[in-house]
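1. everything below, folded, please.
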Amino acid sequence: MKSNKIIFGITTLVLAGSLMFTSCRKRDKQEEEPDQETSTASDNANMENISSDMDAMGSEAAETGTVGEFRSSGTDMLSMAPGATVTGFGSSTITVDFGTGTTCKDGRTRSGKLIYDLSQSTPSTSTFYRHPGFKLVITSQNYVVDGYSVTIANKTIQNTTPLSVGGQTVFTGTNLTWNITANISVAKPNNGGTVTWTCNRTKELINTNDVQCYHGQTLPITWNKAKIKINGTASGTNAKGEQYTVTATDLIRDFTCTPSTNYPNRHPFISGTLAYKPGARPTRLFDYGNGGCDLNATVTVNGVTYAITLP
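-> Below you'll find the predicted structure:
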């Protein structure tokens, strides 16, 4: 009986040791396999870019009737790249039609239509993007960018600059600002899944005091001299089916920055961060840098940083 007790005790110790060893190995294995997934954070950055480009085209079309930062040739509203037109300037609806496929000055191929509704501004005399109270509602028809199919459930941009600036030839002291809300979904190419994106953002023309860019309420903003800053939040579902949240902090886009020699009108974000939290996984910090005019960015996960080249 005593011998049996000894054997039982030894067996128990062996089993306990085995379980502890297995548990330790499991923990070690987890520690040896850090979370290296960055594709969903890059997907979100792509959503930021697609949304920002729609804003940029709308702001320019509403100011001048052109989208000169995106057209491939010409200077008037009809001399777009082959197959693309801008119609409706001076009315309550402006349509940018890229036809069945147009390569723009930023190197991206677009097809379909973007429709900009200017009829909901308050006061109704706020007819241009620079006017306080101006409101722009964006919808789309079969809009595709580089194979990414974009569906806009709703997207609204409203000028939130204080009304006191209206009528001044050159406004100093306060930057022009806009509020942006959107509900967008993007189907990735090659059956890569669908990303949904709902946002609430502020957009600020941070060089409003630059007379080369902003010329007062009576003249159009010179957008190729503009510098904008974006802050706010977003949420949605990524291509892996996870719910996510993201916080944008001081994203800067400088339209004088052209880091690509092949595509001189591609203007990336050059500083600021996106704190992207996918499901229960750790936050991915997408960092555009410190203001250098380049296509470099980083994604940091659990203290490990990965280099990214912006598309």
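2. so what's residue 212 up against?
-> The neighbourhood of residue 212, defined by Cβ atoms under 8 Å, 6 or more residues apart in numbering, consists of 222, 225. Using the backbone N, CA and C atoms, a C-beta is placed for each residue, glycine as well.
3. those strands in the stretch 51-200 of the chain, which residues are they?
-> Counting by DSSP state E, counting those that start in this stretch, the stretch 51-200 of the chain has strands at residues 85-87, 93-97, 102-103, 109-117, 135-145, 148-159, 177-187, 194-205.
4. now distance to residue 56 too, for those, in TSV please.
-> TSV is the format used below for those (distance: least, Cβ to Cβ, whole Å):
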stretch	distance to residue 56
strand 85-87	14
strand 93-97	11
strand 102-103	16
strand 109-117	11
strand 135-145	12
strand 148-159	11
strand 177-187	12
strand 194-205	10
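5. distance to residue 276, mean pLDDT and mean neighbour count added to those strands, as JSON lines?
-> Shown next, in JSON lines, are the strands of the stretch 51-200 of the chain (distance: least, Cβ to Cβ, whole Å; pLDDT from 0 to 100; neighbours: other Cβ atoms under 10 Å):
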{"stretch": "strand 85-87", "distance to residue 276": "34", "mean pLDDT": "85", "mean neighbour count": "18"}
{"stretch": "strand 93-97", "distance to residue 276": "30", "mean pLDDT": "90", "mean neighbour count": "20"}
{"stretch": "strand 102-103", "distance to residue 276": "30", "mean pLDDT": "87", "mean neighbour count": "19"}
{"stretch": "strand 109-117", "distance to residue 276": "26", "mean pLDDT": "93", "mean neighbour count": "20"}
{"stretch": "strand 135-145", "distance to residue 276": "21", "mean pLDDT": "96", "mean neighbour count": "19"}
{"stretch": "strand 148-159", "distance to residue 276": "18", "mean pLDDT": "96", "mean neighbour count": "18"}
{"stretch": "strand 177-187", "distance to residue 276": "15", "mean pLDDT": "96", "mean neighbour count": "19"}
{"stretch": "strand 194-205", "distance to residue 276": "11", "mean pLDDT": "96", "mean neighbour count": "19"}
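6. correct me, but residue 38 touches residue 298?
-> No. Residue 38 lies out of contact with residue 298 (Cβ atoms under 8 Å); the separation is 9.6 Å.
7. same drill for those two, tell me which one is more crowded.
-> Neighbours per residue (other Cβ atoms under 10 Å) separate residue 38 from residue 298, with residue 38 holding more: 18 against 15.
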